[in-house]
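[1] build me a model from this:
(chains A and B)
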2 protein chains.
Amino acid sequence: MIRINEHYLKLQSSYLFAEIAQRVRRFQEENPETEVIKLGIGDVTRALPEACVRAMHNAVDELGREETFRGYGPEQGYAFLREAIAREDFQKRGADISEEEVFVSDGAKCDTANFQELLGPDAYVALPDPVYPVYLDSNVMAGRTGALQGDRFQGVRHLESTRENGFIPDPPGDPVDVIYLCFPNNPTGAAIGHEDLKKWVDYARENRALILYDAAYEAFIRDDSLPRSIYEVPGAKEVAVEFRSFSKTAGFTGARCAYTVVPKECTGYTSQGEAVSLHGLWLRRQSTKFNGASYPMQRAAEAVYSREGAEQVRELIDFYLANASIVLSQMRSLGLTCSGGENSPYIWVHAGRDSKEMFELLLSRAGVVCTPGIGFGSCGREYIRISAFNSRRNIETAMERIGKVL
Amino acid sequence: MIRINEHYLKLQSSYLFAEIAQRVRRFQEENPETEVIKLGIGDVTRALPEACVRAMHNAVDELGREETFRGYGPEQGYAFLREAIAREDFQKRGADISEEEVFVSDGAKCDTANFQELLGPDAYVALPDPVYPVYLDSNVMAGRTGALQGDRFQGVRHLESTRENGFIPDPPGDPVDVIYLCFPNNPTGAAIGHEDLKKWVDYARENRALILYDAAYEAFIRDDSLPRSIYEVPGAKEVAVEFRSFSKTAGFTGARCAYTVVPKECTGYTSQGEAVSLHGLWLRRQSTKFNGASYPMQRAAEAVYSREGAEQVRELIDFYLANASIVLSQMRSLGLTCSGGENSPYIWVHAGRDSKEMFELLLSRAGVVCTPGIGFGSCGREYIRISAFNSRRNIETAMERIGKVL
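    The predicted structure is shown next:
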């Protein structure tokens, strides 16, 4: 008889974003005259940069001609892209990452969810609260947590990110095995500085812990004093894996391309205490379970690093950051305390009331969709997340409507 | 301290195809004057069908304009593609599969490797021998096997596919929990008939087992009496998941698009014996760990079902089948017994000697790369796999060279 993986049953049957989508659909059906503005899910809205579009067309043409056709590519990604990434995103910023340490994939969601497969079943996991649900759910599915008790899973260490600590938790006083960090943060928008990040790297080195560092929003950093990669901190290569994506950087949410850096020095241990390179394990995982990202998408990602592409990407990010700035000043002028909105496309707003109530209020009275903070964890109970990914007109209209309601 | 998943250490450090690639590279360096012909890895060589190329270009243009831009798509794939698949690949052949049961992905390798995540850690796994290594390796990584002993992992049931049973094993006499089947088979090229497939469906129903049915080479079936889908067998929906791919069908190995069918009736059980729908679990897995296949690739896959696309795909497959036929007759004329080569792009040749020796002989004497059967399991010890994916000229030259050597 085929038994299922019963850890799946620990998860609530629906996913926050699916619940919201359903509620919004019902609202729209009941209010067909209202133009609902969606500032909920963090999905980009502007067209792909021209340089990327051109690169995709060229690559598609290559696939359409026998002389230039390409079949399976390397599971780790093509050298042309891995080289560009290592050079432009790391070496030029003083982080000593080689192309061999870069693994191209079809999405950071997959990579952050899959990486835990390399870890022991009993690894003690530390997660921020609030948190991007994928980190938690993938560990629940793998059996690294106990049951849900109240609104938290047992057996996981929650790193509370609150107004009091500026949404940047300190390392715990006792040892954990694996730590998920995300900066600029989803959902709080908080960006971490060198000193705070160094505390985490030092902690991981002292405890032989592993940091899974999600830098999917790195491109939104405009403050040059902030680190863009964890590898800007000395010693991080031994203890950290970094996830990046072209989704929010260059509008690839529908195109699909991302990458993960696993330095060769980055180490895990057997139960006998023997050191094992995580680079080798991830290479094995990807060669066995993945067949490479789509070739035209890898060419489009390469174009992000051309002079033209880099300029277009910068303009794209500037646009969303200007949106974020509009949201931030409106929220502040309404007397609400916020995090993010600078160096981040997200504004984390202290609603001063239950987050689902606030979500419902903004939807029903202003026709604006936000994300209730509770979906990201207990610490989000009184917050909402507003996303700056939308047209200027929609952002302005939404802020005007919210101004009238609050 | 971060512990690794030690099951990874049970795997030999390298993957068959990587080993071969290395040996071929060395041979080429040492023999720069020989034009090596690669009939090893099963990768397509002809250009994408024009209908697919056009659909990709159109979709790329959509992503390049703000009015038509699309961000995240549904994790399960777009309705336009799921509908086309359900209608053309199943309903038109009398298999009652609905679009909601179709999950689009970026590759059948990922899907066949990931699906085991839904199953209990103690599931007793039955695998053909020889076998596509991904089924085995993903289960080794998940800890469903014992250690490697000789050339087999302990704790797995091997379904021997030999000349004696026409490379189509019968169900075992005792119960297993999950069964991997692949027809037309990789590597043996054997295609299964209705009666033999029905035996497996009946066995799975009797034992409440699950069949993971890999039909990635379905498009190569030209014998109309053969089932193209396991769902053509009554009752299969309760016990079978089917994997399909556009890779070999329409040349998408570099483009990346595939799909998996998980019928709503398909059932697993908790340790308490409660029935749980695997459809719901896979939906949860994909929503949590996957972000949908690339939009232009989904549009290109849709074009496979247009009249023009279907004609072009048929022409493509006819071409490779004609190659296969050339290989098959040459091997037979050399007195070698073969399986496959009809309804399949693979020819499984009984070498009458050690498979690695035969590989080495063909490489060093004929400059032709094949795959040694031992890489697929013990039963491949005296076989080689020849792939028909190449140009006509290369196939003919390779057969000529082999004719001189053997």
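[2] please name the nearest non-neighbouring residue to residue A:222.
    Nearest-residue entry for residue A:222: residue A:343, 5.8 Å, with adjacent residues in sequence omitted and distances by Cβ to Cβ, 6 or more residues apart in numbering or on different chains. Backbone N, C-alpha and C define where each C-beta goes, glycine included.
[3] check residue A:11 too.
    Nearest to residue A:11 is residue A:140, by Cβ to Cβ, 6+ apart, at 5.6 Å.
[4] residue A:17 should be in a helix, yeah?
    Yes: under DSSP: H, G, I helix; E, B strand; the rest coil, residue A:17 sits within a helix.
[5] so which bits of the stretch 251-400 of chain A are right by chain B?
    Applying Cβ under 8 Å from any Cβ of the partner chain, one finds that the stretch 251-400 of chain A approaches chain B through A:251, A:253-256, A:267-271, A:273, A:276, A:278, A:280-281, A:284-285, A:287-297.
[6] in contact with the most centrally placed residue in chain A, which residues are there?
    For chain A, residue A:216 is the residue whose C-alpha lies nearest the centre (Cα atoms, centre = their mean; 4.5 Å). Contacts for residue A:216 (Cβ atoms under 8 Å, 6 or more residues apart in numbering or on different chains) come out as A:108, A:182, A:186, A:243, A:244, A:245, A:247, A:248, A:258.
[7] show me the domain layout of chain A.
    Per automatic domain parsing, the structural domains of chain A span A:6-47+A:308-405, A:53-306.
[8] mean confidence (pLDDT) on the last one, please.
    For domain A:53-306, mean pLDDT rounds to 97.
[9] strands - which of the residues of the stretch 251-400 of chain A next to chain B land there?
    A:267, A:268, A:269, A:276 (DSSP state E).
[10] who in the stretch 51-200 of chain A is up against chain B?
    A:53, A:56-57, A:60-61, A:63-66, A:69-73, A:106-107, A:109-110, A:113-114, A:117-123, A:133-134, A:137-138, A:141, A:175, A:177-178.
[11] let's see that with 6 Å instead.
    A:53, A:56-57, A:60, A:63-66, A:69-73, A:106-107, A:109-110, A:113, A:118-120, A:137, A:177-178 (Cβ under 6 Å from any Cβ of the partner chain).
[12] narrow these to those in strands?
    residue A:178.
[13] per-residue pLDDT, residue A:15?
    With respect to pLDDT, residue A:15 has a value of 64.
[14] equivalent analysis for the one 5 residues further on, please.
    Per-residue pLDDT puts residue A:20 at 84.
[15] any idea which helix or strand carries it?
    Under the criterion of DSSP states H and E, residue A:20 resides in helix A:16-30.
[16] before we move on, back to that, the residue nearest to residue A:222 reaches residue A:190, doesn't it?
    No: with contact defined as Cβ atoms under 6 Å, residue A:343 does not reach residue A:190; the gap is 8.8 Å.
[17] ok, now how distant is the residue nearest to residue A:289 when sequence neighbours are not counted from residue B:37?
    Spatial nearest neighbour of residue A:289, excluding adjacent residues (Cβ to Cβ, 6+ apart): residue B:113 at 3.8 Å. Distance, residue B:113 to residue B:37, using Cβ to Cβ, to the nearest Å: 30 Å.
[18] repeat that for residue A:272.
    Per Cβ to Cβ, residue A:272 is found 47 Å from residue B:37.
[19] next: residue A:165.
    From residue A:165 to residue B:37 the distance is 63 Å (Cβ to Cβ).
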